[in-house]
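>>> Attaching a predicted model along with its sequence, questions to come.
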Number of protein chains: 2
Amino acid sequence: MAEASVKPTPLLKDELDIVIPTIRNLDFLEMWRPFFEQYHLIIVQDGDPSKTIKVPEGFDYELYNRNDINRILGPKASCISFKDSACRCFGYMVSKKKYIYTIDDDCFVAKDPSNKDINALEQHIKNLLSPATPNFFNTLYDPYREGADFVRGYPFSLREGVPTAVSHGLWLNIPDYDAPTQLVKPRERNSRYVDAVLTIPKGTLFPMCGMNLGFNRELIGPAMYFGLMGDGQPIGRYDDMWAGWCVKVICDHMGWGVKTGLPYIWHSKASNPFTNLRKEYKGIFWQEDLIPFFQSVVLPKECTTVQKCYIELSKLVKEKLGPIDPYFVKLSEAMVTWIEAWDELNPAGEDSK
Amino acid sequence: MAEASVKPTPLLKDELDIVIPTIRNLDFLEMWRPFFEQYHLIIVQDGDPSKTIKVPEGFDYELYNRNDINRILGPKASCISFKDSACRCFGYMVSKKKYIYTIDDDCFVAKDPSNKDINALEQHIKNLLSPATPNFFNTLYDPYREGADFVRGYPFSLREGVPTAVSHGLWLNIPDYDAPTQLVKPRERNSRYVDAVLTIPKGTLFPMCGMNLGFNRELIGPAMYFGLMGDGQPIGRYDDMWAGWCVKVICDHMGWGVKTGLPYIWHSKASNPFTNLRKEYKGIFWQEDLIPFFQSVVLPKECTTVQKCYIELSKLVKEKLGPIDPYFVKLSEAMVTWIEAWDELNPAGEDSK
């Protein structure tokens, strides 16, 4: 592995929170107990606040429902989605830790090819603590992994890498398909374990899935806004995608890296494709305009913090995407509200800005 | 797999040539016999033409040494390197086939994790016959492979993909390291089999290794020039790198894709790191200027053929890299000679231009 790598993997017990949008399944935490019990959990209940979420004994957690969000944020609570897992980003805001790991409650512990349980969190920590290489592609994948390095022809000036902001993990069993693909291929399962971590090159967008995601909250937290989805909104299932496009554009501007690949989790069940189609159908055609928009975004040099980048992006969203649908005007305003709320809960000096 | 994929894999017996720079090892062809015997070989002898290369019975081949190259190209033979495996590109020029596979004589058949011999050529053909996706990153890797597809958030307008021009395969055992890394890590071996093929995104450069490489000669052949290396030149071991940077910039301009990943070959022995250091040392600091140069190249719209792109690139090389060292002026002139020789041997209408 290249010299900059970190080993052995520190556990980051005091530096990482696990954020879960809701827990409908008691088995979920039991299965993850060996890996999660030592961490603090932030559960953001996505539905009816009168219902109670049961958390098994032995876990250290805080739970927020809609009433809590309204109480803490007041009128600014309007930027947090209701009845949608997009509400999870409230957890990113109230955390005080440097790193976040977020996972869905239908994601279980996967096994590697040697049939060993995969400690997903440990791999995310490895990814986040080692540098990223967005400025040139390394054909042997992550050069900081054991047994790997930079190949012949890789410029030496780029081998120090850049800070890693995001670690995007993958899914065995049920792949993260959109509704049309789910409908066309109801039986497709992902059984291919690809033993790789790689940096998504600068200037390249990707579909960021929120199911199994780690990030450096101190670096990129203020851009990890999951948008307006669910109750009262014309769109769903684009919360993580929206965040990913914003995050990637801002990481490229700030000189930070985004990694994808390992670790895998076991995605246990496909969501209903008919419900998904209803949630997605506007997104499916809107994204044809969103991608060229995000590909064309150039942030000015004056944007030296993530907050400044994000406010600038919100202006571009209103100007360029507002004409497509009034939803994007509302979303651009919610982006500003999100930053205001973030700064209120995270006063300057308490985290890096 | 996404709809555009091709299966079963056609063998392309009449459409593919195998180009080998030299054969110092009789075991080499014996080991590949089950996979290569049905194809035509073009062997380009890289050293002393008075020595005879032995080819085992049963192979259909043509062999070119320096005397043949001089006879066929006349004064234009100056663009073909001598005493360096860079001479292999002469084989690309004299071939009349649509596809080329090129491999070094120290590369043997590798085994997959189930201990089965890997048919590298078959995987290259799969890669070349299925589309590439350079405009957006798919997190489940090649969407055209069996058991995979485009994930949620991948724009539908981009799912048709683009033609694949290059298939870059990898190496188990001895990794393709530069001399400094070889010296620092003499015992490092690559034992990680990464079961993936992916498209290198548009706008991203990569280190293209010529050890195990397939390409569509009809599309990108005229840009597959391996430069001036070896005898009489101040540099070696940058032949494939140079070709890769030129090819990638031109593929990005033309809207074609470059894939990397599977198949693996078994790279049997490391070349001498001290000899390599002598060949590489100028390249190691020149590449610090070459990469920003290639990252900044914008080809004009008028460049509608690979030949036009390549001539334009040769002008930029002279103008921007010439001031670094007179070698680049000589190289830029050799790039023009290469295109003239290519067009002479491949008159218009006989291949796609």
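Good, I have the coordinates.

>>> would you say A:Tyr101 is within a strand?
Yes - judged by DSSP: H, G, I helix; E, B strand; the rest coil, A:Tyr101 forms part of a strand.

>>> burial count for it?
The burial count assigned to A:Tyr101 is 24, neighbours taken as other C-beta atoms under 10 Å in any protein chain shown. Where you see a C-beta, it was placed from the backbone N, CA and C, and this is true even at glycine.

>>> Over to A:Glu30?
Here the number of neighbours of A:Glu30 (other C-beta under 10 Å) works out to 11.

>>> where does it land in three-state SS?
Three-state call for A:Glu30 (three-state DSSP): helix.

>>> List the contacts of the closest residue to it other than its chain neighbours.
Excluding its sequence neighbours, the residue lying closest to A:Glu30 (C-beta to C-beta, 6 or more residues apart in numbering or on different chains) is A:Pro56, at 6.0 Å. Taking C-beta atoms under 8 Å, 6 or more residues apart in numbering or on different chains, we find A:Pro56 in contact with A:26, A:29-30, A:33.

>>> how much space is there between A:Pro56 and A:Leu41?
Counting by C-beta to C-beta, to the nearest Å, the gap between A:Pro56 and A:Leu41 amounts to 11 Å.

>>> Chain A: helices as residue ranges?
Here chain A has its helices, by DSSP state H, at A:26-36, A:66-73, A:89-94, A:120-129, A:179-184, A:217-220, A:239-254, A:273-296, A:306-316, A:326-345.

>>> do the fifth one and chain B meet at all?
Just to be clear, that refers to helix A:179-184. Yes - against chain B, helix A:179-184 shows contacts by C-beta under 8 Å from any C-beta of the partner chain at A:180-181.

>>> which strands and helices sit next to that helix?
Counting contacts by 3 or more C-beta pairs under 8 Å, 6 or more residues apart in numbering or on different chains; DSSP states H and E, helix A:179-184 packs against helix A:273-296.

>>> Next: the third one.
For helix A:89-94, the packing partners by 3+ C-beta pairs under 8 Å, 6+ apart come out as strand A:16-20, strand A:40-44, strand A:60-64, helix A:66-73, strand A:99-103, helix A:326-345.

>>> now A:Leu29, nearest residue through space, not along the chain?
Beyond its immediate neighbours in the sequence, the residue positioned closest to A:Leu29 (C-beta to C-beta, 6+ apart) is A:Pro56, lying 5.3 Å away.

>>> Okay, that neighbour and A:Leu299: tell me how far apart.
With distances taken as C-beta to C-beta, A:Pro56 is found 44 Å from A:Leu299.

>>> Please name the residues that touch A:Asp105.
Going by C-beta under 8 Å, 6+ apart, A:Asp105 touches A:20-25, A:28.

>>> same check, this time on A:Lys308
Counting by C-beta under 8 Å, 6+ apart, A:Lys308 touches A:Glu302.

>>> how many other residues sit next to A:Lys83?
For A:Lys83, which is what you asked about, the neighbour count (other C-beta under 10 Å) is 16.

>>> For the residue of chain A positioned farthest from its centre, give its distance to B:Pro186.
Using C-alpha atoms, centre = their mean, the residue of chain A lying farthest from its centre is A:Arg152. It sits 33.1 Å away. Remark: distance between A:Arg152 and B:Pro186 (C-beta to C-beta) = 15 Å.

>>> A:Ala270 now?
With distances taken as C-beta to C-beta, A:Ala270 is found 49 Å from B:Pro186.

>>> Compare neighbour counts for those two and give me the winner.
In this view A:Ala270 and B:Pro186 are compared by other C-beta under 10 Å, and A:Ala270 has more residues nearby, 17 against 10.

>>> dump the residue contacts of the more buried one.
Counting by C-beta under 8 Å, 6+ apart, A:Ala270 makes contact with A:174, A:182, A:186.

>>> and stretch A:286-300, how far from the chain's centre?
Here stretch A:286-300 shows a centroid-to-chain-centroid distance of 19 Å under the convention C-alpha atoms, centre = their mean, to the nearest Å.

>>> Please spell out which residues along it are buried.
Residues of stretch A:286-300 classed as buried by neighbour count (16 or more other C-beta atoms under 10 Å in any protein chain shown): A:286-287, A:289-291, A:293-294, A:297, A:299.

>>> what about whatever residue of the stretch 1-150 of chain A ends up closest to chain B, how many residues close to it?
For the stretch 1-150 of chain A, the nearest residue to chain B under the criterion C-beta to the nearest C-beta is A:Phe137, separated by 3.9 Å. A total of 22 residues lie near A:Phe137 under the criterion other C-beta under 10 Å.

>>> hang on, it packs against A:Pro201?
Yes - checked against C-beta atoms under 8 Å, the pair A:Phe137 and A:Pro201 is within contact range at 6.0 Å.

>>> anything in contact with each of those two?
Contact criterion C-beta under 8 Å, 6+ apart; residues bridging A:Phe137 and A:Pro201 by contacting each: B:200, B:204.

>>> Export stretch A:173-182 to PDB, keeping only CA atoms.
The C-alpha coordinates for stretch A:173-182 follow below in PDB (Å, rounded to 0.1, in the frame of the first residue of the first chain):
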ATOM      1  CA  ASN A 173     -28.700  -9.200  -2.800                       C
ATOM      2  CA  ILE A 174     -31.300  -6.500  -3.700                       C
ATOM      3  CA  PRO A 175     -29.500  -3.900  -5.900                       C
ATOM      4  CA  ASP A 176     -30.500  -0.200  -5.700                       C
ATOM      5  CA  TYR A 177     -32.500  -0.100  -8.900                       C
ATOM      6  CA  ASP A 178     -35.200   2.500  -9.900                       C
ATOM      7  CA  ALA A 179     -38.800   1.500 -10.300                       C
ATOM      8  CA  PRO A 180     -38.700   0.800 -14.100                       C
ATOM      9  CA  THR A 181     -35.700  -1.500 -13.700                       C
ATOM     10  CA  GLN A 182     -37.300  -3.200 -10.600                       C
END
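
>>> That one: how far from the chain's middle?
18 Å.

>>> ok, now stretch A:241-255?
With C-alpha atoms, centre = their mean as the basis, the distance from the averaged C-alpha position of stretch A:241-255 to the chain average is 11 Å.

>>> buried set for that stretch?
Residues of stretch A:241-255 classed as buried by neighbour count (16+ other C-beta under 10 Å): A:241-254.

>>> and of these, the nearest to chain B?
A:Met241 (4.1 Å).

>>> can I assume that closest one is in contact with A:Gln287?
Yes - with contacts counted by C-beta under 8 Å, A:Met241 reaches A:Gln287, the gap being 7.5 Å.

>>> shared neighbours of these two, anything?
Between them, A:Met241 and A:Gln287 share the contacting residues B:Gly153, judged by C-beta under 8 Å, 6+ apart.
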